[in-house]
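Visitor: here is a sequence together with a model predicted from it:
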Amino acid sequence: MLSQMRANAKYIWYFVVAAFIVGFLLYQTSGLSGRTRNTATTTVFKVNGQEVGLTQWLNATQHREQEAQQRAGRGLTLDEQKELEQQTYDEMVSDMLLQQEYQKRGIGVSDDEVREMAQTSPPPAFLQAPELQTDGKFDPEKYQRYLSSPMAKQSGLLLQLEALYRDQIPKEKLFEQVASEVYITDAQLWSLWRDGHDSAQISYVSWHPDEVADSSVHVSDEAIHEYFEAHKKQLARKGRASVSVLVLPRIITAADTAATRAHLLALREQIEKGAKFDDVAKQESQDTASAVQGGLLGTVTRGRFVPQFDSAAFALKPGELSQPVLSPYGFHLIRVDSKKGDSITVRHILLRIQQSDSAAARTNRMADSLDKIAGHAEVAGQFDKAVKTFGLPVVRLHVNEDEPLVWNGRAVPSVGTWAFSGAQVGESSELFDADDAYYLARLDSLTPGLDPNSRGAEAAAKSQIRTILARRAAIESLRPKAQAFATAAVATSLEAQAKTAGVSVIKSPSFNRTGFVPDVGRMNEVVGAAFSLPLNAVSGPIATEDAMYVIRVDKRTETSRTVWEAQKTQQRQALMQQQREQAIQMYLANLRDAAKIVDNRKEVEAAGRQQSST
């Protein structure tokens with residue numbers, strides 16, 4: 001663990017690199033180059049009037065990207081960049097809202113509270129550290145000694161802990177206030193228990209809206225407007241795009257796999273003959289994040305890695321070299337430095353399975369030619385020309401905004417993000433490079449998302465709302481037919497009247513109040529009636545969002561109160577914890593919903609794209 005702490009010094013260099021990039025970007029967007037509206041003080045977003053400017057935003061996002069690139073050992077795809085940006089935005093907004101709430105409620109943290117928390121509540125990573133364990137368990141005395149040691153101060157650990165607890169303590173105080181009134185009475189516990197353990201079984205006849213002619217259903221503009229005003233949040237939707245994707249695969253052969261394994265065996269032989277594992281890892285390993293540390297992956301317990309790696313590593317003795325281990329990432333050469341209890345300190349050298357140099361060169365030459373013909377093309381015909389020229393497979397796919405494009409169960413990198421980043425219909429993307437293939441996309445169609453609070457949103461949602469209300473009206477128009485059926489069935493029986501009317505009686509499986517019932521649904525009017533109607537009585541018409549029903553309750557079983565009493569304490573504890581967490585999540589959601597948030601990110605990005613095109 002201590003060696004890992006010292007290794008964190010490398011992140012200083014990441015900050016230096018990030019600062020350089022941010023400085024360059026600020027110059028480019030400051031207006032000094034005369035090519036953009038953005039300036040260093042451009043507001044990227046505001047939270048209740050508190051602004052986040054371009055400098056602060058770029059610092060935050062570039063720092064995250066640098067760290068992610070170091071972990072991945074490669075450049076990030078557009079999808080990954082977009083996801084990191086959204087995570088950064090969400091966390092910054094949440095932090096600003098919390099800080100504002102602390103100020104409103106007068107919540108602070110004292111030095112004594114920080115010291116006490118550091119002494120009594122070590123972070124989870126410390127609880128697992130082998131150096132702080134005795135007989136396989138966390139040893140508080142070792143932890144206290146470490147906190148008092150010069151090493152803790154020199155490594156910056158004490159400053160890190162202070163920052164951690166100055167952030168954590170106010171949050172815990174706020175959440176305690178929010179959740180302090182949560183309590184569940186016996187009556188509530190009993191009701192919840194019955195919802196999951198009482199059961200019912202019904203027979204029913206149903207009529208569906210597709211039986212009603214469209215011409216007989218009328219939906220007024222007034223009804224559409226009322227629905228829009230009442231259901232704005234539910235009407236929000238993401239954009240949707242159709243793309244054609246040209247695929248240039250990197251074909252990996254058995255010879256490529258054999259060559260990679262042979263290379264790793266040669267490296268193993270070098271180490272056995274005296275070469276230092278650390279040096280070979282720095283020179284050869286394609287896991288760049290661990291390579292800079294001589295292949296060190298740290299001190300870990302079982303389950304940390306993929307199964308193939310995990311099994312091989314924990315089977316080794318300290319100092320022993322593994323044979324080549326194949327995992328989804330490639331071939332690994334593993335060495336365990338030390339083993340203590342259930343933990344090992346482990347290093348590895350990773351070689352990814354790649355095309356041979358000659359095959360890769362051919363693929364890269366084709367990729368260059370493909371890029372020249374259709375890369376960044378603004379005319380749809382260039383994409384078609386590339387397809388004819390190279391005879392490569394083309395797939396036509398759909399992708400939703402803020403989601404990766406998926407093909408054959410695998411994510412196609414960057415295409416989904418590109419499609420919603422200002423591309424025009426008919427335009428081609430740049431050539432996206434992935435481990436398995438090169439991808440080039442053309443945007444065939446784009447349906448914008450719906451922001452219910454934007455101008456023209458009601459008109460854009462009109463067709464969708466009309467469909468919903470027409471379905472409801474069609475179901476309601478079936479009520480007279482269902483009522484006539486129910487009246488006749490009361491006089492005879494459900495089965496007899498069904499035979500006369502030429503409809504089917506369906507028997508449901510046994511279900512509880514919260515479960516899903518096939519052809520009926522979940523927690524709707526029919527389910528409620530199944531637990532309230534008299535046994536064997538035929539109901540009147542019951543409408544749901546899907547159909548009109550007439551039902552008969554054939555069987556109902558009530559749970560034992562004695563069984564419930566025996567587990568009541570455990571039930572209360574579990575539900576209290578669950579409802580406290582729900583109360584906190586609801587509070588945070590409400591805090592964000594009530595906040596006045598102005599998000600200018602798309603406008604800032606558009607200005608950046610305009611700059612790059614001039």
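Guide: Looks like it arrived, so ask away.
Visitor: ok, which stretches of the stretch 151-300 of the chain are strands?
Guide: 199-207, 240-249, 296-301 (DSSP state E, counting those that start in this stretch).
Visitor: if we look at the first one, which residues are touching it?
Guide: Outside of strand 199-207, the residues that reach it under the criterion CB atoms under 8 Å, 6 or more residues apart in numbering are 478, 481-482, 485, 494-495, 498, 501, 503-512, 519-520, 526, 530-531, 547-557. Every residue, glycine included, has its C-beta placed from N, CA and C.
Visitor: can you pull the phi/psi pair for the most centrally placed residue in the chain?
Guide: Central residue of the chain (CA atoms, centre = their mean): residue 83, 8.8 Å from the mean position. Per-residue torsions, residue 83: phi -60, psi -40 (degrees, to the nearest 10).
Visitor: what about it, distance to residue 61?
Guide: Relative to residue 61, residue 83 is positioned 11 Å away (CB to CB, to the nearest Å).
Visitor: then residue 143?
Guide: Distance of residue 143 to residue 61, computed by CB to CB: 36 Å.
Visitor: domains for this structure, by residue range?
Guide: By the record's domain assignment, the chain is partitioned as 2-179+598-612, 199-235+457-557, 240-251+357-447, 254-351 (automatic domain parsing).
Visitor: go through the ones you listed and name the closest to residue 571.
Guide: Closest of the domains of the chain to residue 571 is domain 199-235+457-557, at 15.0 Å (criterion: CB to CB).
Visitor: can you give me the end-to-end span of the closest one?
Guide: Taking CA to CA, to the nearest Å, domain 199-235+457-557 runs 5 Å from one end to the other.
Visitor: can you pull the contacts of the residue nearest to residue 252 when sequence neighbours are not counted?
Guide: Spatial nearest neighbour of residue 252, excluding adjacent residues (CB to CB, 6 or more residues apart in numbering): residue 353 at 5.9 Å. With contact taken as CB under 8 Å, 6+ apart, residue 353 is in contact with 252, 256-257, 260, 330-331.
Visitor: between the residues you listed, which is nearest residue 97?
Guide: residue 330 (43.3 Å).
Visitor: how near is the nearest residue to the closest one once chain neighbours are set aside to residue 554?
Guide: Distances taken as CB to CB, 6+ apart put residue 352 closest to residue 330, at 3.9 Å, once the chain neighbours are dropped. Distance check for residue 352 against residue 554: by CB to CB, it reads 62 Å.
Visitor: neighbour count for those two, which is higher?
Guide: Each of residue 352 and residue 554 has its neighbours counted (other CB atoms under 10 Å); residue 554 has more, 17 against 12.
Visitor: from memory that one sits against residue 506, does it?
Guide: No. At 11.6 Å, residue 554 does not count as touching residue 506 under the criterion of CB atoms under 8 Å.
Visitor: quick one, strands of the stretch 301-450 of the chain?
Guide: For the stretch 301-450 of the chain, applying DSSP E, counting those that start in this stretch gives strands covering 325-327, 330-340, 343-351, 394-400, 405-407, 410-412, 432-433, 437-447.
Visitor: give the buried residues for the last one.
Guide: The one in question is strand 437-447. 437-444, 446 (16 or more other CB atoms under 10 Å).
Visitor: turn the domains of the chain into a markdown table, including distance to residue 185 and mean pLDDT.
Guide: Output for the domains of the chain, formatted as a markdown table (distance: least, CB to CB, whole Å; pLDDT from 0 to 100):
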| stretch | distance to residue 185 | mean pLDDT |
| --- | --- | --- |
| domain 2-179+598-612 | 17 | 77 |
| domain 199-235+457-557 | 19 | 94 |
| domain 240-251+357-447 | 42 | 90 |
| domain 254-351 | 41 | 91 |
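Visitor: need these in JSON lines (columns: distance to residue 187).
Guide: Formatted as JSON lines, these follow (distance: least, CB to CB, whole Å):
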{"stretch": "domain 2-179+598-612", "distance to residue 187": "21"}
{"stretch": "domain 199-235+457-557", "distance to residue 187": "16"}
{"stretch": "domain 240-251+357-447", "distance to residue 187": "43"}
{"stretch": "domain 254-351", "distance to residue 187": "43"}
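Visitor: of all those, which one is nearest residue 578?
Guide: Between residue 578 and the domains of the chain, the tightest spacing by CB to CB is seen for domain 2-179+598-612, at 11.0 Å.
Visitor: measure the residue located most distally from the centre of the chain to residue 497 for me?
Guide: Computed with CA atoms, centre = their mean, the residue of the chain farthest from its C-alpha average is residue 491, at 55.9 Å. Per CB to CB, residue 491 is found 8 Å from residue 497.
Visitor: what of residue 127?
Guide: Distance from residue 127 to residue 497, by CB to CB: 68 Å.
Visitor: give me the more crowded residue out of those two.
Guide: Set residue 127 next to residue 497 and count neighbours by other CB under 10 Å: residue 497 wins out with 22 against 12.
Visitor: quick one: the more buried one from residue 544, how far?
Guide: Look at residue 497 and residue 544: by CB to CB, they are 21 Å apart.
Visitor: now do residue 230
Guide: Residue 230 is 19 Å from residue 544, where distance means CB to CB.
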